[in-house]
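A.B. asks: dropping the sequence and predicted coords here.
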Amino acid sequence: MSGPRRCLVTGATGFTGGHLARSLAARGDEVRALVRDPARAQDLRAAGVALVSGDLRDRASLAPALAGVEVVYNIAALYRAASLPDQEYRTVNADAVAWLIEAAAAAGARRVVHCSTVGVHGDIERPPANEDAPLRPGDLYQETKLEGERLAREAAARTGLEVVIVRPTGIYGPGDRRLLKLFRGVARRRFVILGRGEIFYHLTYIDDLAEGFRLCGTHPAAAGRTYILSGPEVTTLKELVKVTAEVAGVAPLPIRLPVWPFWIAGAACEAVCAPLGIEPPIYRRRVDFFTKSRAFDSTRARQEIGYAPRVGLREGIGRTLAWYKEQGWL
């Protein structure tokens, strides 16, 4: 696939999907975004992205959004919000993936690039893990993302559509709020490591990831493949905090706290808050951040489609902290 393409991006009101949509539009592609409320996505329109009203959970809204589209980037997902019912995760992260692929095939699209997560591999026993590492999802989000992968492959087999599955590592960069607590906590000398901090943590800068998605949508070799997209460097959590502190010009806190009291507290908060439909102040998945290693190998993507992440950790953290300061968040 060469030259400008007609693309549809789901999840474009989020950090990753929005960055991808704007990046594709800046390259000259004709980009649409499937959004539930166009009034809240005017920044995308200003970037040259056409807005189409719809929802992955509304199958009837998919056909109009897909008309004439060549490549679909499915970035939409429900992430870790403990107050959401389990079925909501399954509908968006799994069932809707198959619905989208079937609708894309019916509309004449060539390829769907589906965003999964390296979380489907769970805790990595022998880092770095590649795409063939054991699949051991550890929570509902990861379980439903893995189910989404299975349904995507089954839909591809039924329809004959080219489907590419992408498993990104931790995503960061200007615009991200998911890792804001970590970066802000370190910059303000309030971030305390639970445990020894020797688990691996692997980040991918948003610009590199967007280019990886583009390659997955355009490179002939990507059809039917699964790729891990990761950044050029992997560090321990302790090293990540150290680098962030150096970039921020502060000294990291020397305090280390044991993990188990916070895990028990998380379990108790979930038991009380989840039935009431409110977000617990702490839950086990957040504590898992300090206990599960994440280190990955993107050799397959490098060799097969030319994926070449360029933004090093120190540079990426510097750009991210600068953006946070501009927003008044540091």
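C.D. replies: Yep, that arrived.

A.B. asks: only C-alpha atoms for contact and neighbour calcs from this point on.
C.D. replies: OK.

A.B. asks: kindly provide the distance from Asp176 to Val241.
C.D. replies: Shown here: Asp176 relative to Val241, a distance of 17 Å by CA to CA, to the nearest Å.

A.B. asks: pick out whichever of the two has more residues nearby.
C.D. replies: Val241 (24 against 16; other CA atoms under 10 Å).

A.B. asks: can you pull the contacts of the more buried one?
C.D. replies: 186, 252 (CA atoms under 8 Å, 6 or more residues apart in numbering).

A.B. asks: any idea which helix or strand comes after the helix or strand where it lies?
C.D. replies: Here Val241 sits within helix 237-248, counting by DSSP states H and E. Toward the C-terminus, helix 237-248 is succeeded by strand 256-257 as the next helix or strand (DSSP H and E).

A.B. asks: strand partners (parallel or antiparallel) of that following strand?
C.D. replies: Strands that pair with strand 256-257, judged by DSSP bridges, come out as strand 193-194 (parallel).

A.B. asks: just the CA trace of whichever helix or strand comes after the partner strand, in PDB.
C.D. replies: Toward the C-terminus, strand 193-194 is succeeded by strand 200-205 as the next helix or strand (DSSP H and E). Extracted in PDB, the C-alpha atoms of strand 200-205 (Å, rounded to 0.1, in the frame of the first residue of the first chain):
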ATOM      1  CA  PHE A 200      11.700  -4.500  34.500                       C
ATOM      2  CA  TYR A 201       9.600  -1.700  33.000                       C
ATOM      3  CA  HIS A 202       9.600  -1.100  29.200                       C
ATOM      4  CA  LEU A 203       8.200   2.100  27.800                       C
ATOM      5  CA  THR A 204       7.500   3.200  24.200                       C
ATOM      6  CA  TYR A 205       7.400   6.800  23.200                       C
END
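
A.B. asks: just the angle between strand 200-205 and helix 237-248, please?
C.D. replies: 40 degrees (axes from the mean of the first three to the mean of the last three CA atoms, to 10 degrees).

A.B. asks: neighbours of Glu315, how many?
C.D. replies: Close neighbours of Glu315, defined as other CA under 10 Å, add up to 12.

A.B. asks: which parts of whichever helix or strand it is part of are buried?
C.D. replies: Applying DSSP H and E as the criterion places Glu315 in helix 313-326. Judged by neighbour count (16 or more other CA atoms under 10 Å), helix 313-326 contains these buried residues: 313, 316-318, 320-324.

A.B. asks: and that helix, what's its mean pLDDT?
C.D. replies: Helix 313-326 shows an average pLDDT of 97 in the prediction.

A.B. asks: ditto for stretch 240-258
C.D. replies: 90.

A.B. asks: can you give me the end-to-end distance of it?
C.D. replies: 19 Å.

A.B. asks: run the chain-centre distance for that stretch.
C.D. replies: 25 Å (CA atoms, centre = their mean, to the nearest Å).

A.B. asks: try stretch 230-249
C.D. replies: Distance, stretch centre to chain centre, for stretch 230-249: 19 Å (CA atoms, centre = their mean).

A.B. asks: can you give me the end-to-end span of it?
C.D. replies: 27 Å.

A.B. asks: got the buried residues for it?
C.D. replies: Buried positions in stretch 230-249, judged by neighbour count with 16+ other CA under 10 Å: 230-248.
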